[in-house]
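Peer 1: Give me coordinates for this.
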Amino acid sequence: MSKHQTILDKIFTTVANLQSQVKLWQKNGDTVVFTNGCFDLLHKGHVDYLAKAADLGAKLIIGVNTDASVSKLKGPNRPIQDEQSRLQILASLYSVDAVILFNEDTPYELIKAIQPDILVKGSDYKPESIVGFDIVTAKGGVVKTIDFLPGFSTSAIEKKIKTS
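Peer 2: All right, here's what the predicted structure looks like:
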């Protein structure tokens, strides 16, 4: 299989297909980790965060905000990169096993559907306030936070570009 096809195979277009894959991974004893975000301009902070999230289990899934949900969250000038570009860039990372879009305000329904073993967000959240905490802990899973690398954010990059 080509490397390009390997990347494309990590992009899931339906929740049902991702559910089937997650069940297979879990049946094989793999611990499934889930995180989510916009990942608009991929930077060192994202790569660090995702690698650390991947280290928590065997398989890492990223729920990626659609263009419409990014605009709703971040404002009319965002996203900078369209959702298909963001999916393919994230899928190209070694530490990432699956990516899928979600259009809702939160990934709650996606988390409920895929039932990950570990839920991860940045340490700017308290674990019990992370969307999906109730779902993951009810099934015996864990919710963890990861510290961000200081000084790295898409907003800071966007400001730097605008002032150049």
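Peer 1: Alpha carbons of the longest helix seen in the chain, as PDB, please.
Peer 2: When the chain is parsed with DSSP state H, its longest helix is helix 15-27. Written as PDB, here are the backbone C-alpha positions of helix 15-27 (Å, rounded to 0.1, in the frame of the first residue of the first chain):
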ATOM      1  CA  VAL A  15     -19.100   7.500  12.600                       C
ATOM      2  CA  ALA A  16     -20.300   3.900  11.800                       C
ATOM      3  CA  ASN A  17     -17.100   3.000  10.100                       C
ATOM      4  CA  LEU A  18     -15.000   4.500  12.900                       C
ATOM      5  CA  GLN A  19     -17.100   2.600  15.500                       C
ATOM      6  CA  SER A  20     -16.400  -0.700  13.700                       C
ATOM      7  CA  GLN A  21     -12.700   0.100  13.700                       C
ATOM      8  CA  VAL A  22     -12.600   1.100  17.400                       C
ATOM      9  CA  LYS A  23     -14.400  -2.100  18.300                       C
ATOM     10  CA  LEU A  24     -11.900  -4.100  16.400                       C
ATOM     11  CA  TRP A  25      -9.000  -2.300  18.100                       C
ATOM     12  CA  GLN A  26     -10.500  -2.800  21.500                       C
ATOM     13  CA  LYS A  27     -11.200  -6.500  20.800                       C
END
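Peer 1: elements contacting that helix?
Peer 2: Applying 3 or more CB pairs under 8 Å, 6 or more residues apart in numbering; DSSP states H and E, we find helix 15-27 packed against strand 32-37, strand 59-65, strand 98-102, helix 108-114. C-betas here are computed from N, CA, C, even on glycine.
Peer 1: any idea how far the first one is from the chain center?
Peer 2: Distance, stretch centre to chain centre, for strand 32-37: 5 Å (CA atoms, centre = their mean, to the nearest Å).
Peer 1: contacts for that strand?
Peer 2: With contact meaning CB atoms under 8 Å, 6 or more residues apart in numbering, strand 32-37 is reached by 22, 25-26, 49-50, 53-54, 56-65, 102, 107, 110-111, 114, 116-121, 132.
Peer 1: Now name the helix or strand holding Arg86.
Peer 2: helix 83-91 (DSSP states H and E).
Peer 1: what comes up buried for that helix?
Peer 2: Using 16 or more other CB atoms under 10 Å as the test for burial, helix 83-91 gives Glu83, Arg86, Leu87, Gln88, Ile89, Leu90, Ala91.
Peer 1: So for the longest helix of the chain, what gets flagged as buried?
Peer 2: Result for helix 15-27 [16+ other CB under 10 Å]: buried residues Val15, Leu18, Gln21, Val22, Trp25, Gln26.
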